[in-house]
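Asks: please work out how this folds:
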Amino acid sequence: MKTIKLTKMHGCGNDFVIIDYPEYEKTGMKMDELAKKVCDRHFGVGADGMIIPKTDTEDTDLGWYFYNSDGSTAQMCGNGMRCFAKYAYDNKLVDKKAFSVETLAGVIKPELLENGLIKVNMGKPVLEDKKIPFWGERTLNALDREFDITPVSMGNPHCVIITDEDPMELAVKYGPAIEKHEFFPEKTNTEFVKVKSRMEIDMRVYERGCGITLACGTGACASVVACVLNNLTEQKVKVNLLGGPVFVEWQGSKEDTQQDIFLIGSANYTFFAEYIL
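Replies: Numbering: from 1, shown residues only. Prediction:
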């Protein structure tokens, strides 16, 4: 009987299976196939994504292989990066609390804070349509509705919709249609945002390749960027996700969008296990 060791973690309920590369090699499987197998919530461990640390990078301290539960790759994942950072430090893959990680979205820099939270420099938001990529107007038709949207990339595409309605109901009903909308050639994550004050928002998300999830770090960042650009919030915002709160800081503005955005939140272990292939 073939088994591999793995770790289950979550950031605000956005959950991940982490498998060291030598354990992955034992499987003899392609990474996308393994991701679909272990992330299955009925026949596998159950997770929104799978992370495999990469220790042979040249220009960064570490890298990662990141897969969604459907076997697709994602350029970045903020909640996943916080879990990855804690895992990497605790398992001595790095010997410092602030380090660099190679991702498909570029170099990301997480830092373990003294209060137990993890702060991640998520880089600069991308607002240029062709780089998101986004081909369309700032209004979008989905099913029976028209929405005003703000497209943003945090290394992965996001469609932010600010609403006074219940964001969860909208995410469930319209998320699947918007994910595959023709305006987004690489599909998109969709965030429905309700502004509570200039310092706090509620956000619900339909993630590309995952569906409804309890949290999305890049989505929280994209939502705050959209709120700041629309003059709805200040530059430091509490983002209430289904799985708990995170904090986002962005010193940018309409006049200066090229500022780094920071995501601050928790990362937690769920269990360690041996998985039977």
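Asks: give me the pLDDT for the nearest residue to residue 40 once chain neighbours are set aside.
Replies: Once flanking residues are discounted, residue 40 sits nearest to residue 46: 6.9 Å by C-beta to C-beta, 6 or more residues apart in numbering. Where C-beta positions appear, they are placed from N, C-alpha and C, glycine not excepted. With respect to pLDDT, residue 46 scores 97.
Asks: buried sites along the helix or strand hosting residue 110?
Replies: Element membership for residue 110, per DSSP states H and E: strand 106-112. For strand 106-112, a neighbour-count test (16 or more other C-beta atoms under 10 Å) marks 108, 109, 110, 111, 112 as buried.
Asks: three-state assignment of the residue nearest to residue 40?
Replies: What DSSP: H, G, I helix; E, B strand; the rest coil gives for residue 46 is coil.
Asks: how many neighbouring residues does it have?
Replies: 15 (other C-beta atoms under 10 Å).
Asks: one more: residue 102?
Replies: The number of residues packed near residue 102 is 17, by other C-beta under 10 Å.
Asks: Provide the strand pairings for the helix or strand containing it, with the direction of each partner.
Replies: Per DSSP H and E: residue 102 is located in strand 101-103. In the sheet, strand 101-103 lines up against strand 62-68 (parallel), strand 106-112 (antiparallel) (DSSP bridges).
Asks: and the following helix or strand past the first one, which residues are buried?
Replies: On the C-terminal side of strand 62-68, the nearest following helix or strand under DSSP H and E is helix 78-90. By neighbour count, and taking 16+ other C-beta under 10 Å as the criterion, the buried residues in helix 78-90 are 78, 79, 80, 81, 82, 83, 84, 85, 86, 87, 88, 89.
Asks: for residue 32, give its distance to residue 24.
Replies: 12 Å (C-beta to C-beta, to the nearest Å).
Asks: quick one, helices of this structure?
Replies: Along the chain, counting by DSSP state H, helices occupy 21-27, 31-39, 78-90, 167-179, 217-229.
Asks: now do the fourth one: which elements does it pack against?
Replies: Using 3 or more C-beta pairs under 8 Å, 6 or more residues apart in numbering; DSSP states H and E as the contact definition, the elements that helix 167-179 packs against are strand 139-142, strand 145-148, strand 189-197, strand 200-207, strand 211-212.
Asks: show me what the shortest one is packed up against.
Replies: Packed against strand 211-212 by the contact rule (3+ C-beta pairs under 8 Å, 6+ apart) you find helix 167-179, strand 200-207.
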